[in-house]
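>>> pasted the sequence and its predicted model underneath.
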Amino acid sequence: QVQLVESGGGWVQRGGSLRLSCAGSGQTFRSLAMGWFRQAPGKNREFVAAIKWSTAVTYYGDSLKGHFIISGHSDNNTVYLQMNNLRLDDTAVYSCAASLLNADHYRWPVYYDYWGQGTQVTVSS
């Protein structure tokens with residue numbers, strides 16, 4: 001059984017930074033890409049960022065490039081999300097996901113095979 005475990009969430013003041021981590025464990029698997037999604041109360045799940053290991057290409061949700069930075073290590077299925085200059089509307093549950101699919105983009109949840117439970121990020125004024 002594969003597990004993805006996120007960490008690094010919490011409370012932060014507007015303008016602050018947080019770094020989320022996600023590590024895979026359990027059954028051996030080799031992801032082709034990993035990503036982050038978020039869901040705020042009353043809103044749909046939103047694509048945040050993804051990284052494709054073979055090309056090191058990164059993908060970002062609309063208006064998030066430069067605001068967030070995704071990185072990681074393919075060897076151990078670990079992905080990070082550096083979040084800078086956080087805004088009130090960044091408040092959400094952030095979930096990481098791993099994909100076994102070789103795709104041209106990774107913004108759709110259906111492309112992912114494994115999901116973490118999520119970590120809460122709350123930005124306060």
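Structure received.

>>> how much space between the residue most central in space within the chain and residue 59?
In the chain, the C-alpha nearest the mean C-alpha coordinate belongs to residue 36, at 2.0 Å (Cα atoms, centre = their mean). Distance of residue 36 to residue 59, computed by Cβ to Cβ, to the nearest Å: 10 Å. The way it works is simple: take the backbone N, C-alpha and C, and place the C-beta from them, glycine included.

>>> joint contacts of these two?
Jointly contacting residue 36 and residue 59 under the rule Cβ atoms under 8 Å, 6 or more residues apart in numbering are 49, 50.

>>> got a list of what residue 67 touches?
Contacts of residue 67 by Cβ under 8 Å, 6+ apart are 83, 84, 85.

>>> over to residue 32?
52, 53, 54, 99, 100, 101, 102, 103.

>>> how much space separates it from residue 51?
Counting by Cβ to Cβ - residue 32 and residue 51 are separated by 10 Å.

>>> what about this protein, any weak spots by pLDDT?
For the chain, no stretch has pLDDT under 70.

>>> mind listing the helices for it?
Ranges of helices within the chain: none, based on DSSP state H.

>>> just the strands in it please.
2-7, 10-13, 18-26, 33-39, 46-52, 57-60, 68-73, 78-83, 92-99, 114-115, 119-124 (DSSP state E).

>>> contacts for the shortest one, please.
Read that as strand 114-115. 2, 4, 24, 29, 31, 95, 96, 97, 98.

>>> so which of the residues you listed wins on neighbours?
residue 96 (32 neighbours; other Cβ atoms under 10 Å).

>>> could you pull up the contacting residues of that residue?
Taking Cβ under 8 Å, 6+ apart, one finds 4, 6, 20, 22, 34, 35, 36, 79, 81, 115, 116 in contact with residue 96.

>>> follow-up on the earlier one: export the contacts of residue 32 to CSV and tack on neighbour count and distance to residue 68?
Output for these, formatted as CSV (neighbours: other Cβ atoms under 10 Å; distance: Cβ to Cβ, whole Å):
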residue, neighbour count, distance to residue 68
52, 22, 16
53, 18, 18
54, 9, 22
99, 22, 18
100, 13, 24
101, 13, 22
102, 9, 24
103, 13, 20
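
>>> one step back: among the strands of the chain, which is the most enclosed?
Highest mean neighbour count of the strands of the chain: strand 33-39, a mean of 25 (counted as mean count of other Cβ atoms under 10 Å).
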